[in-house]
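# A structural model of the following input is requested.
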Amino acid sequence: MKIKEITSALERFAPLPLQESYDNAGLQVGLTAEQEASGALLCLDVTEDVIREAIDLGCNLIVSHHPLLFRSLKQVTERTQVERCVRLAIQNDIAIYAAHTNLDNAEDGVNFRIAEKLGLVDVQMMQKHPVAVGERRVTAGSGLIGYLPVPEDSLAFLQRIKEVFHIECLQHNELLGRPIESVALCGGAGAFMLDEAIRLEADAFLTGEMSYHQFFGHEQEIQIAVMGHYQSEQYTRDIFYQLISELAPELPLFITSIDTNPIHYL
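Reported below is the predicted structural model:
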């Protein structure tokens, strides 16, 4: 199967027009779209170690959630990690493809996978809007809101988040004094959706990143839980695996064994 057939399948699920204006999803590195895929390595971030892992596994395609090339390059040397990754990928004829905010905003994308892991039901996109994709229109949305089948005590809910997503340090505001039933969430840097979660009267809001001052003023209004950027998006690799394995069941397909989270905890 050609690499372009794989990337086309990914774009049918998460069309590039769904990405935010600041983003750079799509083919990042390589002129190998017409080339037959020898195997695909799936990851959250592209690092030199991930590229070396692809080389060792015989994969000529890396599919990542976060774009390697987020900002333009003025040179390609050994000076920065991104430049070194570009050189290493080109030297070894490896294509790098990213599905980022288009996957975040897609129906059944990143946020839906978080909701699935939490067991939420009656899930709906927040701030959904139509997007033109060629001659058809698809629905996109930042974040979503859903419901717990059975209301949970706030401490029990937070402890379950920590367990399900393997979180070493879960940040939260003071414990909510009422049961949690409705949950709004937005993976990654999703703090911008807090006000919308409050407007929708969600009992809890879950995201990957939030600044210090945003925690203030919401005591007993909404339970805030911040799980970490990497932790909130770790299951993007499972989405890639499902899509590609259904398309090309014979293709060697691997989820990276490398933990690319740059944040460590003592």
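
# which element is L42 on?
Assessed by DSSP states H and E, L42 sits inside strand 40-43.

# ignore the last one, F254
Counting by DSSP H and E, the element that carries F254 is strand 253-255.

# what is that strand packed up against?
Judged by 3 or more C-beta pairs under 8 Å, 6 or more residues apart in numbering; DSSP states H and E, strand 253-255 is in contact with strand 40-43, helix 236-247. Quick note: C-beta positions are derived from backbone N, CA and C, even for glycine.

# that one pairs with which strands, parallel or anti?
In the sheet, strand 253-255 lines up against strand 40-43 (parallel) (DSSP bridges).

# so what touches the partner strand?
The contact list for strand 40-43 (C-beta atoms under 8 Å, 6 or more residues apart in numbering) reads 6, 50, 53-54, 57, 59, 61-65, 237, 240-241, 244, 251-256, 258, 260.

# what's the average pLDDT for the strand holding L42?
What strand 40-43 shows for mean pLDDT is 98.

# C-terminal to it, what's the next element?
Sequence-wise, the next helix or strand downstream of strand 40-43 (DSSP H and E) is helix 48-57.

# quick check: mean pLDDT across that next one?
Averaged across helix 48-57, pLDDT comes to 98.

# quick one: strands adjacent to the helix or strand just after it?
Elements were assigned by DSSP H and E; along the chain past helix 48-57, the next helix or strand is strand 61-64. Partners of strand 61-64 in the sheet, by DSSP bridges, are strand 40-43 (parallel), strand 95-98 (parallel).

# I'd like these as TSV, with mean neighbour count and distance to F192 appended.
Listed next are the strands paired with strand 61-64 as TSV, based on neighbours: other C-beta atoms under 10 Å; distance: least, C-beta to C-beta, whole Å:
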stretch	mean neighbour count	distance to F192
strand 40-43	27	25
strand 95-98	26	21
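
# what residue of this structure is the furthest out?
Distance from the C-alpha centroid of the chain, by C-alpha atoms, centre = their mean, peaks at G177 (31.2 Å).

# about what we covered before: nearest approach to P149 belongs to which of the strands paired with strand 61-64?
Taking C-beta to C-beta, strand 40-43 is the member of the strands paired with strand 61-64 nearest to P149, at 30.7 Å.

# just how off-centre is the closest one within its chain?
Taking C-alpha atoms, centre = their mean, to the nearest Å, one finds strand 40-43 lying 14 Å from the centre of the chain it belongs to.

# hmm, back to that, what sits against the residue farthest from the centre of the chain?
Counting by C-beta under 8 Å, 6+ apart, G177 makes contact with 154, 220.

# kindly list the main-chain dihedrals of it?
When read as degrees, to the nearest 10, the backbone of G177 gives phi -90, psi 20.
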